[in-house]
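Undergrad: 3D, please:
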Amino acid sequence: MIELNRAVAVAMADGLDEGLALMDGIRRLDDYYLLHAARADLLRRLGRTGESARAYERALELAPSDVERDFLHGRLTALET
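TA: Numbering: from 1, shown residues only. Prediction:
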């Protein structure tokens, strides 16, 4: 979890690509929906919509509540417009 928070901070301070590279190195959180949601957001900001959609879809599969799934579904839908 600390590594994910660090990756988000690096993305905001040093650049989206650098944060994404750190996130891509976090393997033990592969079943954690927020890792995939954060990756999706960075990918979206980088204009990599196909990859972003796949990451949002994975986050949706793992999200524990309807509220979170609704939010992620909205983000995914926004990519398609």
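Undergrad: CA atoms for contacts and neighbours, from now on please.
TA: Fine.
Undergrad: Counting neighbours, what do you get for Arg45?
TA: Using other CA atoms under 10 Å as the criterion, Arg45 is surrounded by 12 other residues.
Undergrad: How about Val10?
TA: Around Val10 there are 18 other residues, counting by other CA under 10 Å.
Undergrad: ok, it to Leu42 distance?
TA: As defined by CA to CA, to the nearest Å, Val10 lies at a distance of 11 Å from Leu42.
Undergrad: anything in contact with each of these two?
TA: Common neighbours of Val10 and Leu42 are listed as Leu16 (criterion: CA atoms under 8 Å, 6 or more residues apart in numbering).
Undergrad: so where do the helices sit in the chain?
TA: Applying DSSP state H to the chain gives helices spanning 2-14, 16-24, 33-45, 49-62, 66-79.
Undergrad: for these, which one ends up most surrounded?
TA: Comparing the helices of the chain on average neighbours per residue, with mean count of other CA atoms under 10 Å, the densest one is helix 33-45 at a mean of 22.
Undergrad: can you list contacts of that helix?
TA: Helix 33-45 is contacted from outside by 4, 8, 11, 16, 20, 23, 29-30, 49, 51-56, 58-63, 72, 79, using CA under 8 Å, 6+ apart.
Undergrad: one more time with 6 Å, if that's ok
TA: Here helix 33-45 makes contact (CA atoms under 6 Å, 6 or more residues apart in numbering) with 52, 55-56, 59, 62-63.
Undergrad: nearest residue to Glu57 other than its sequence neighbours?
TA: With CA to CA, 6 or more residues apart in numbering as the measure, Leu76 is the residue that lies nearest to Glu57, at 7.5 Å, once sequence neighbours are left out.
Undergrad: ok, Arg75 to Arg45 distance?
TA: As for Arg75, its distance to Arg45 is 12 Å (criterion: CA to CA).
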